[in-house]
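>>> after the sequence you'll find the predicted model.
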Amino acid sequence: MVPPPSERPEPVEPIRFFLAGPTYVPEDVREAMTAPVVAHRSAAFREVYARISRRLPPVFRTAGEVYVATGSSTLAMEAAVVSTVGERVLNLTNGAFSERWHEVCRSLGRDADRLELPWGEPVDPDLVREALRRRRYEAVTVVHNETSTGVLSPLAEVARAVREESDALVLVDAVSSLGGAPVETDAWGLDVVLAGSQKALAVPPGLALFTLSERAAERARARPHRGFYTDLLRYRDAHRRGGTITTPAVSVVWALDRQLARVEAEGIEARWARHEGLASRTAHWVEGRVEGRVERRVEAGGATFASAAGARSPTVSCLRPPEGVAAPEVVRRLAGRGYTVAGGYGRWKADTFRIGHMGEVRESDLEPLLAALDGVLHDVLHEVPEEPA
Ligand SMILES: Cc1ncc(COP(=O)(O)O)c(C=O)c1O
């Protein structure tokens, strides 16, 4: 039997895996997945599902329910649109994943307008207000934390703008913020908040988690042809019967159950603060080198933030390497030293690299990575050949 996480709250392994998702999964959570698979309508499964159903709402900061779908986060994005938007939707775009919302809406034949902001910038609530005054929309989509650019948008203000200017639903992708940054589903009036298991919650990939407001449920009820797997109301009904709509990824549900106990033991606010601390430490490293406060700067060269100051994500830092250094080379050389970071995403692929400091990462994990990064930048700038793999 694996001891529950309350008895071993800290992951014991050093973390060297800093992708922007999927993230490092603690050993006991991985072990939890080796528990026998059971029928999903059995009492044993229902017991675990009930526990998860109690533990998820505090993570989403809602007094309502949180539903579990087997699939990745994109399934929940598509399901949210299918279920709640008949025709017209406004997509707020400032990076690759907010553009995905737009693609999803268009692929479903919706009349989707884009309010396009530059990559690296947050969504501007005033521009949202203006767009809503120009045209009426049934829903507005927004990505809280743009994983492609390392930008956190002011979700509370964006949601307030939507609420004050219109009756549009607020559909939120909180994929890489949930569990790592404040997401206040109820207080901010968010209609659908969706996330995946594999980011700041530090559970293996395979489950999408989402909320559905009463207002959004009413809109869904009025919509025909919501599909089967994409019908948010069907998830709600199944949840109220104590389970999932179809056979879930049972082993990932075991992992989620185990990891939610750790999240609860840490406390959601402490978890947000830990992530904020990791982002600050990374910013301190970057700024030290740029401003020459750190002696090694001349040797190591500075990386700079690709994301706008004041909007930097607590869960992922998106950086540009110093002049003359190719981002993919930084990623490759770090891998040679045993560290995995994420490359750039989409149109920023060649120019940036990303440090995912989310999930279970501690400052004691981040320090060796930043030291390795100093070493890598030094080696590239001084044309030190790479060690053969
Ligand atoms: C902000 C954001 N939205 C959506 C997705 C898509 O998630 P999934 O691969 O779980 O469908 C990602 C994945 O990285 C993401 O970071």
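Great, that's in hand. Residues are numbered from 1 along each chain as shown.
>>> what about the helices in this protein?
Remark: helices assigned in the chain by DSSP state H are 27-32, 43-60, 73-84, 96-107, 125-134, 155-165, 214-221, 232-240, 250-266, 268-290, 297-300, 327-336, 363-381.
>>> tell me the residues of the chain that contact the ligand?
With CB under 6 Å from any ligand atom as the criterion, the chain meets the ligand at residues 21, 72, 73, 74, 97, 143, 147, 173, 175, 176, 196. Bear in mind the C-beta positions are built from the backbone N, C-alpha and C, glycine included.
>>> farthest pair within those residues?
Using CB to CB, the pair of the residues of the chain next to the ligand lying farthest apart is 72 and 143, separated by 14.9 Å.
>>> between these two, which one's more packed in?
residue 143 (31 against 16; other CB atoms under 10 Å).
>>> let me know the distance separating the residue lying closest to residue 179 once chain neighbours are set aside from the ligand.
Excluding the flanking residues, the one nearest residue 179 by CB to CB, 6 or more residues apart in numbering is residue 200, at 3.8 Å. Here residue 200 is placed at a distance of 10 Å from the ligand (CB to the nearest ligand atom, to the nearest Å).
>>> list the contacts of residue 200.
By CB atoms under 8 Å, 6 or more residues apart in numbering, the contact set of residue 200 is 23, 176, 177, 178, 179, 180, 181, 271, 275, 315, 358, 359.
>>> how about 10 Å then?
Residue 200 sits next to 21, 23, 59, 145, 174-181, 183, 263, 271-272, 275, 314-316, 356-361 when contact means CB atoms under 10 Å, 6 or more residues apart in numbering.
>>> give the PyMOL command for selecting the buried subset of those residues.
Restricted to buried positions by 16 or more other CB atoms under 10 Å, the PyMOL selection for the contacts of residue 200 reads:
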select buried, resi 21+23+59+145+174+175+176+177+178+179+180+181+183+263+271+272+275+314+315+316+356+357+358+359+360+361
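>>> in strands, which of the residues of the chain next to the ligand appear?
Within the residues of the chain next to the ligand, residues falling in strands by DSSP state E are 143, 173, 196.
>>> isn't residue 241 up against residue 50?
No - in terms of CB atoms under 10 Å, residue 241 does not count as a neighbour of residue 50; the distance is 11.7 Å.
>>> the nearest residue to residue 41 once chain neighbours are set aside: neighbour count?
Ranked by CB to CB, 6+ apart and with sequence neighbours excluded, the top spatial neighbour of residue 41 is residue 243, at 6.5 Å. Look at residue 243: counted by other CB under 10 Å, it has 18 neighbours.
>>> please apply the same query to the one 10 residues further on.
In terms of burial, residue 253 registers 25 neighbours under the definition other CB under 10 Å.
>>> do residue 51 as well
14.
>>> list the contacts for the closest residue in space to residue 124 that isn't next to it in sequence?
Excluding its sequence neighbours, the residue lying closest to residue 124 (CB to CB, 6+ apart) is residue 117, at 6.5 Å. Listed by CB under 10 Å, 6+ apart, the contact partners of residue 117 are 92, 93, 94, 95, 98, 123, 124, 127, 128, 146, 151, 153.
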